[in-house]
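**Student:** Predicted model, plus sequence, below.
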Protein chains: 2
Amino acid sequence: MLTVSVENYLKAILHLQVEGDDRVSTTAIAQKVASTPASTSAMLAKLGERGWLEHQPYHGVRLTQKGHRVAMDILRKHRLWECFLVDYLGFEWDQVHDIAEELEHVGSVELINRLDAFLGFPKLDPHGDVIPGPNGRFRTVAARTLLTEAPRNLELVVVGVVDGGDAFLRHLGVLGIQLGTRMTVLERLSFDGSLHIKCPGDEEVQLLAPSVGQRLWVDQSSPSPEIVFPEEEDLQ
Amino acid sequence: MLTVSVENYLKAILHLQVEGDDRVSTTAIAQKVASTPASTSAMLAKLGERGWLEHQPYHGVRLTQKGHRVAMDILRKHRLWECFLVDYLGFEWDQVHDIAEELEHVGSVELINRLDAFLGFPKLDPHGDVIPGPNGRFRTVAARTLLTEAPRNLELVVVGVVDGGDAFLRHLGVLGIQLGTRMTVLERLSFDGSLHIKCPGDEEVQLLAPSVGQRLWVDQSSPSPEIVFPEEEDLQ
DNA sequence: TTAAATATTTAGTCTTGCCTAAAAATTAAG
DNA sequence: CTTAATTTTTAGGCAAGACTAAATATTTAA
Ligand SMILES: [Mn+2]
Ligand SMILES: [Mn+2]
Ligand SMILES: [Mn+2]
Ligand SMILES: [Mn+2]
């Protein structure tokens, strides 16, 4: 049975699997779902029996096709609801996670597909995370780089945040950074990887801690609308 | 703790309490929440201990102020979500109950108040049921009568349904009746209380079973838009 | 007013999901 | 390669909520 608890475990495992490791450890999962390793171990055994994941005792788990699909569907619901909360109810991006954490467990497939249509089939949620489609796979999305690894002296645009806990999101607010913010990396300090960045319009050069630079997805900035001149045939 | 189960019990008791009886019986509650009298008895004892209702063993329960408020808040959420589903996601009125039954348990007060505002502070849900306000009390609404008890030879308009299970709602669809449908009661048959009704535009007089007439709220029909002639100054 | 029918509670279990403490396996160090 | 540290599982319990069967209280009817 797909209980709220089971859904949260599967989604947590998906997150950890996407973030890198092929096999996911009991402790990591326990931490993600805020429970104990003992409870998690018991849960993993059960999820294994029921075919949502492969559990090699003492060596971690991996989602089966079936489990992966379930987890992607939860993620889809989570992110679509976040879009709704921000775009239609006026919430800030640092206020929606906990609410979506509940909404994602509402079951109806019809509901989520209609919500998707109502929202205009968005590809990204308010944190720049990719929204899975109704087929349970990620929608293709433009390439993106971590700010830390982006080339220097090129105007970039922030397109997403990695692991955007609410505290981090509020910190970005303090720094004046949000999705769509443009910036150029002037220098990467070899000491700790801090970045000197400059935002168009700002006088000052900003020093960005590596903990921030490692958690921002950026893309090459397309020319800003103001400086795009229409072709003649585009004019009425 | 306000679990989903507890919330469903409290809402069921509120429903039964509003529908008439001051004290509500264990069996009636059990039936409403689709569980057994034994399970319900245990739950009622617990709800009593926790101050949501007064339980006189063998003589039914009554919600306390505190329990009443909780139940009203669940009802508010249920009905506001139903509005959203019908008005924005294009669901039919017979498709939304089960989904709202889940959505009503999402906790955030901020969420429901913003949803209320987004919907334009509706007073009635898609079934014509009154939506409680943020203060936990019903918003005032126009007077209404059961069709069975309405005066004859007066044009009426359907403003709500009583206990609108999905099956009943679909049956109304077959009969061509929805919210806003106008009709005049020509005669009430003394045999079983069936009603002869006539809808404007229809040729035929319809015979309505008492099971239908007893479950329709009606109000005196205001003049229909078609027969209102604009004043001269309203013309361009 | 007593007996039968009905409603309610109690007793005894089960499942899910969580916990702590202890045992066992794996991994890391010396 | 053996010991120490870490990770994972097992053992034993608890609380919530549900069920069936049996006991008890209340109503209804004879
Ligand atoms: Mn969740
Ligand atoms: Mn998100
Ligand atoms: Mn419900
Ligand atoms: Mn309704």
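**Tutor:** Perfect, thanks for sending it. Numbering: from 1, shown residues only, chains lettered A, B, ... in the order given. Ligands and ions are numbered 1, 2, ... in the order given.

**Student:** Surely residue A:87 and residue A:118 touch.
**Tutor:** No: between residue A:87 and residue A:118 there is no contact under Cβ atoms under 8 Å: 10.0 Å. (Glycine included, C-beta is placed from N, CA and C.)

**Student:** Looking at those two, which is more packed in?
**Tutor:** Between residue A:87 and residue A:118, counted using other Cβ atoms under 10 Å in any protein chain shown, residue A:118 has the larger neighbour count: 16 against 13.

**Student:** so who does the residue of chain A found nearest ligand 3 touch?
**Tutor:** Closest contact between chain A and ligand 3, by Cβ to the ion, is at residue A:106 (10.8 Å). Contact analysis of residue A:106 by Cβ atoms under 8 Å, 6 or more residues apart in numbering or on different chains lists A:77, B:99, B:102, B:103, B:106.

**Student:** so, in contact with chain B or not, the top helix by length along chain A?
**Tutor:** Ranked by number of residues, the top helix in chain A under DSSP state H is helix A:65-87. Yes: part of helix A:65-87 sits near chain B under the criterion Cβ under 8 Å from any Cβ of the partner chain, namely residue A:85.

**Student:** Export only the CA atoms of that helix, formatted as CSV.
**Tutor:** Only the C-alpha atoms of helix A:65-87 are listed here, as CSV (Å, rounded to 0.1, in the frame of the first residue of the first chain):
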residue,chain,number,x,y,z
GLN,A,65,11.7,0.5,-12.1
LYS,A,66,8.4,0.3,-10.3
GLY,A,67,9.8,2.2,-7.2
HIS,A,68,11.5,4.8,-9.4
ARG,A,69,8.2,5.5,-11.1
VAL,A,70,6.3,5.9,-7.9
ALA,A,71,9.0,8.3,-6.5
MET,A,72,9.0,10.3,-9.7
ASP,A,73,5.2,10.7,-9.5
ILE,A,74,5.5,12.1,-6.0
LEU,A,75,8.2,14.5,-7.1
ARG,A,76,6.0,15.6,-9.9
LYS,A,77,3.2,16.4,-7.6
HIS,A,78,5.5,18.1,-5.1
ARG,A,79,6.9,20.4,-7.7
LEU,A,80,3.6,21.2,-9.5
TRP,A,81,2.0,22.1,-6.3
GLU,A,82,4.9,24.4,-5.5
CYS,A,83,4.3,26.2,-8.8
PHE,A,84,0.6,26.6,-7.9
LEU,A,85,1.5,28.0,-4.4
VAL,A,86,3.9,30.6,-5.8
ASP,A,87,2.3,31.5,-9.1
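
**Student:** And that helix, what does it pack against?
**Tutor:** helix A:4-18, helix A:97-103, helix A:109-118 (3 or more Cβ pairs under 8 Å, 6 or more residues apart in numbering or on different chains; DSSP states H and E).

**Student:** Briefly note if that helix comes near ligand 1.
**Tutor:** No: under the criterion of Cβ under 5 Å from the ion, ligand 1 is not reached by helix A:65-87; the shortest gap measures 7.2 Å.

**Student:** For that helix, what is the distance to the chain centroid?
**Tutor:** Centroid separation for helix A:65-87 versus its chain: 11 Å, with Cα atoms, centre = their mean, to the nearest Å.

**Student:** go on, stretch A:181-193?
**Tutor:** That offset, for stretch A:181-193, works out to 22 Å (Cα atoms, centre = their mean).

**Student:** Over it, what's the mean pLDDT, rounded is fine.
**Tutor:** The average pLDDT for stretch A:181-193 rounds to 88.

**Student:** same question, stretch A:11-29
**Tutor:** 93.

**Student:** And it, end to end?
**Tutor:** 10 Å (Cα to Cα, to the nearest Å).

**Student:** ok, that stretch near DNA strand D or not?
**Tutor:** Yes: contact between stretch A:11-29 and DNA strand D, assessed by Cβ under 7 Å from any atom of the strand, occurs at A:25, A:26, A:27, A:28.

**Student:** hang on, residue A:158 in a strand?
**Tutor:** Yes: counting by DSSP: H, G, I helix; E, B strand; the rest coil, one finds residue A:158 located in a strand.

**Student:** what residues are up against it?
**Tutor:** A:128, A:147, A:177, A:178, A:179, A:180, A:181, A:182, A:183, A:216, A:217, A:218.

**Student:** Output the residues you listed in TSV; the columns should cover secondary structure and neighbour count.
**Tutor:** Below are those laid out as TSV (DSSP: H, G, I helix; E, B strand; the rest coil; neighbours: other Cβ atoms under 10 Å in any protein chain shown):
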residue	secondary structure	neighbour count
A:128	coil	22
A:147	helix	23
A:177	coil	21
A:178	coil	15
A:179	coil	17
A:180	coil	10
A:181	coil	19
A:182	strand	15
A:183	strand	23
A:216	strand	27
A:217	strand	21
A:218	strand	25
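
**Student:** mind checking how far residue A:220 is from ligand 4?
**Tutor:** 51 Å (Cβ to the ion, to the nearest Å).

**Student:** same check, this time on residue A:200
**Tutor:** Residue A:200 is 52 Å from ligand 4, by Cβ to the ion.

**Student:** how about the residues of chain A that lie near ligand 2?
**Tutor:** So chain A meets ligand 2 at A:82, A:125, A:127, A:129 (Cβ under 5 Å from the ion).

**Student:** who wins for neighbours among these?
**Tutor:** That'd be residue A:82 among the residues of chain A next to ligand 2, by other Cβ under 10 Å, with 26 neighbours.

**Student:** pLDDT score for that one?
**Tutor:** Residue A:82 is given a pLDDT of 98.

**Student:** That one and residue A:134, how far apart?
**Tutor:** 17 Å (Cβ to Cβ, to the nearest Å).

**Student:** Kindly report the same for residue A:146.
**Tutor:** Taken as Cβ to Cβ, the span from residue A:146 to residue A:134 is 29 Å.
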